[in-house]
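Engineer: Sharing a model prediction with you, sequence too.
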Amino acid sequence: MKARTPGLGRIRAIVYVRERDAERCRRWAGCHDWTVAAVVREISPDGPPMARLGLRTVFGLLDAGCATVLLAATRTEVAEGPDGFLKVCARVERAGGFVHVLDDPEEDGHAP
C-alpha cells in the first residue's frame with residue numbers, strides 16, 4: 001500500500017479588480033489549474049486600501065476559507081504604494097493566504 005502525502009489541493013483564488021478587466025486573471029488562473037472562487041470588483045477605489053469595501057470583502061472571503069489567494073493583474077490594482085501593498089499582503093497572510101499579481105505585461109495567461 002502506498003503512503004499518501006497530503007497536499008494543498010487545488011488552489012482557490014479571489015480575483016480582485018479595480019480598473020482592469022478580470023479576464024486576464026481568469027485566463028492565468030485557468031492555465032495554472034487554479035479555481036477562481038470569486039471575482040470582486042472594487043466599487044470604492046479611492047482611499048486607503050484597508051478601508052476599501054472590495055478589499056474588506058476579499059478579506060472576509062479569505063477568513064471564511066473560500067480561497068487562499070488574492071489574485072490581481074498588478075500591484076497598483078491592490079494598492080498605489082509599497083506600504084499599502086505590504087499591509088494588504090500582511091492581512092491576507094493572517095488569513096492563511098497569499099497575494100499573487102501579474103505585474104509582468106508579457107505574462108498573458110499562457111502556462112510556462
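Structural biologist: On my side now, so go ahead.

Engineer: Scan the chain for its longest helix.
Structural biologist: Longest helix of the chain, by residue count under DSSP state H: helix 82-94.

Engineer: Please enumerate residues in contact with stretch 52-63?
Structural biologist: The contact list for stretch 52-63, computed with C-beta atoms under 8 Å, 6 or more residues apart in numbering, reads 14, 16, 18, 37-38, 40-45, 49-50, 67-68, 70, 78, 88, 91-92, 95-97. For every residue, glycine as well, the C-beta is placed using N, CA and C.

Engineer: pLDDT on it, on average?
Structural biologist: Computed over stretch 52-63, the mean pLDDT rounds to 96.

Engineer: Okay, now the unreliable bits of the chain?
Structural biologist: When residues are selected by pLDDT under 70, those of the chain lie in 1-8, 104-112.

Engineer: 90 instead?
Structural biologist: The chain contains residues with pLDDT under 90 at 1-10, 18-21, 44-47, 80, 103-112.

Engineer: Helices of that one, residue ranges please.
Structural biologist: So, for the chain - with DSSP H - the helices run 23-31, 53-63, 75-78, 82-94.
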